[in-house]
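Student: What follows is a predicted structure for the sequence shown.
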Amino acid sequence: MTGSTRPTGPSGSPLVGRGDADRHAAITRSLLGYGVLAGPFYVVVGLVQALTRDGFDLARHDLSLLAAGPWGWIQIANLVLSGLMTVAAAVGMGRALRVLGDGPGRTWGPRLVAGYGVGLVGAGVFVADPMNGYPPGTPEGPPAVVTVGGIGHLVLGGLGFLFLVAGTWVIAQRYAHEGRAGMAGFSRATGVLFLLAFAGIASGSSSPAVVLGFWVGVVLAWVWLAVVSVDLYRRTPLLTPAAG
């Protein structure tokens, strides 16, 4: 019986199923899909809660405080699931960049994005302390009592945000190396604006300008993750062209 070499796809992975789909590419593209889903999931779940919770003010309270109020488990799940989807997208980014070849950001870009996802999970596990009048009945101002959970939330969430900022800059280097100035500039701008938004909220200010500015930064970060995920998705070939 004559042996035959099993055909492989663009990534070098064996072709499977109808249409000669590259198995490695199919998994990579599935993982990158979570980078598109994570942001809308987080924002929609958060907004629905914010608009239906008594005493919650989008101009004064950040979403993390929802975990300390009634039905807090919903925001905890929101943070954890969004974080896990971000980690999945980061794994997909790493797989895609390895196939695309050597260049800056191939290793540390995805790792830093994964660090952001882990930070979100940690921020969900460790619940923020009540403050600024939420939940209802809480005194205005900073937390009256600082708990281990509150400290863990701040530390892990803060580290996650810094990982994200670093990740945007590292991925920007990759795009610059490829000669894609638009994507490089978008990544750098996202990192700078998010860092400014995070610095404002980390100051402890609850002014509408700071809180709403952080909202803008968060949405921009999710848009960046989705754009990069879609870009790498499109550049990860799934099907091998039929032989002529």
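Tutor: Yes, it's here. Numbering: from 1, shown residues only.

Student: now the helix or strand where L232 lies, how far from the chain's geometric center?
Tutor: Using DSSP states H and E, L232 maps to helix 208-234. From the chain centre to the centre of helix 208-234 is a distance of 8 Å (Cα atoms, centre = their mean, to the nearest Å).

Student: can you tell me the average pLDDT over that helix?
Tutor: Helix 208-234 carries an average pLDDT of 95.

Student: for stretch 180-191, same thing?
Tutor: Mean predicted lDDT for stretch 180-191 stands at 97.

Student: buried sites along the helix holding L232?
Tutor: Neighbour-count burial for helix 208-234 flags 210-211, 213-215, 217-218, 220-222, 224-229, 231-233 (criterion: 16 or more other Cβ atoms under 10 Å). Heads up, the C-betas are built off the backbone N, CA and C, glycines and all.

Student: Kindly report the same for stretch 34-54.
Tutor: 34-39, 41-43, 45-46, 49-50, 53.

Student: Would you mind identifying the next helix or strand past the helix or strand harbouring A90?
Tutor: When elements are assigned from DSSP H and E, A90 belongs to helix 72-100. Downstream of helix 72-100, the next assigned helix or strand under DSSP H and E is helix 108-125.

Student: What are the contacting residues of that following helix?
Tutor: With Cβ atoms under 8 Å, 6 or more residues apart in numbering as the test, helix 108-125 has contacts from 64, 67, 75-80, 82-91, 93-94, 97, 152-153, 156-161, 163-164, 166-167, 170-171, 174, 225.

Student: Among those residues, name the buried ones.
Tutor: Of these, these count as buried by 16+ other Cβ under 10 Å: 64, 67, 75-76, 78-80, 82-91, 93-94, 97, 152-153, 156-157, 159-161, 163-164, 166-167, 170-171, 174, 225.

Student: What helix or strand is the residue nearest to P208 when sequence neighbours are not counted located in?
Tutor: Of all residues not flanking P208 in the chain, A59 sits nearest, at 4.0 Å (Cβ to Cβ, 6 or more residues apart in numbering). Taking DSSP H and E as the definition, A59 sits outside all helices and strands.

Student: pretty sure A59 contacts F214?
Tutor: No - in this structure A59 lies outside contact range of F214 using Cβ atoms under 8 Å: 11.0 Å.

Student: All good on my end, thank you.
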